[in-house]
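Visitor: no sequence on this one, just coordinates:
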């Protein structure tokens, strides 16, 4: 998806809160404090529990919990990190979204931790596995040359029944 379409879908912080609320409570509300499943929706994309009166925001217990620089900026940082083929430094991210470098670094660490695999869901269904090298062409060599400074990796791609990519894992290997 392009950044322009992304911004059109989530034009402000309120739209981001609404998006989070839709995902968070798609299967119904469950109070994080007491576990009760009945509550009422409040203004600002919040839910209040009927039993303990706890009010929970759509950002509570998510990656965006207590974000200080605006939800739309936080969503954009996540978008950049998940769609860029090359890593963006926290200095660049800070300049790009007008936030402090330290704040950008801290949030980016939070995003990286959230993106790390829990390894609770092993690949299943149809899986394609292959090995490859990264490093470009070498002078005087054709095809795959393994005796070089190129990095080797293995990739596993899980496909759905309709042959659409579900998940991809890539791991650096020695041989």
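Guide: Sure, I can see it. Every value quoted in this text rests on a predicted model; they were computed, and no experiment measured them. Residues are numbered from 1 along each chain as shown.
Visitor: my read: residue 75 touches residue 11, true?
Guide: No: using Cβ atoms under 8 Å, residue 75 is not in contact with residue 11; the gap is 10.7 Å. Glycine gets a C-beta too; all of them are placed from N, C-alpha and C.
Visitor: helix, strand, or coil at residue 19?
Guide: helix (DSSP: H, G, I helix; E, B strand; the rest coil).
Visitor: just the pLDDT for the residue lying closest to it once chain neighbours are set aside.
Guide: Nearest residue to residue 19, sequence neighbours excluded (Cβ to Cβ, 6 or more residues apart in numbering): residue 10, at 6.2 Å. Looking at residue 10, its pLDDT reads 94.
Visitor: from residue 96, how far out is residue 10?
Guide: As judged by Cβ to Cβ, to the nearest Å, residue 10 and residue 96 stand 17 Å apart.
Visitor: what bridges to the nearest residue to residue 42 once chain neighbours are set aside?
Guide: Leaving aside its chain neighbours, residue 42 sits nearest to residue 48 (5.4 Å; criterion: Cβ to Cβ, 6+ apart). Beta-bridge pairing of residue 48 under DSSP bridges involves residue 40, residue 55.
Visitor: didn't residue 48 look like it was pressed against residue 54?
Guide: Yes: contact criterion Cβ under 8 Å: residue 48 and residue 54 qualify, at 7.1 Å.
Visitor: what about the strands in this structure?
Guide: Assigned by DSSP state E, the chain shows strands spanning 39-42, 46-49, 55-57, 126-134, 151-159, 165-173.
Visitor: of those strands, which is nearest residue 79?
Guide: Closest to residue 79 of the strands of the chain is strand 165-173 (Cβ to Cβ; 18.0 Å).
Visitor: parallel or antiparallel, list what pairs with that closest one.
Guide: When pairing is defined by DSSP bridges, strand 165-173 lines up against strand 151-159 (antiparallel).
Visitor: buried stuff in stretch 158-166?
Guide: Under the neighbour-count criterion of 16 or more other Cβ atoms under 10 Å, stretch 158-166 has residue 158 buried.
Visitor: gap between that stretch and the chain center?
Guide: Centroid separation for stretch 158-166 versus its chain: 19 Å, with Cα atoms, centre = their mean, to the nearest Å.
Visitor: returning to what we had before: quick one: which of the strands of the chain is nearest residue 103?
Guide: strand 55-57 (20.2 Å).
Visitor: which other residues reach that closest one?
Guide: With contact meaning Cβ atoms under 8 Å, 6 or more residues apart in numbering, strand 55-57 is reached by 17, 31-33, 42, 44-49.
Visitor: what residues of it count as buried?
Guide: For strand 55-57, by 16+ other Cβ under 10 Å, it's 56-57.
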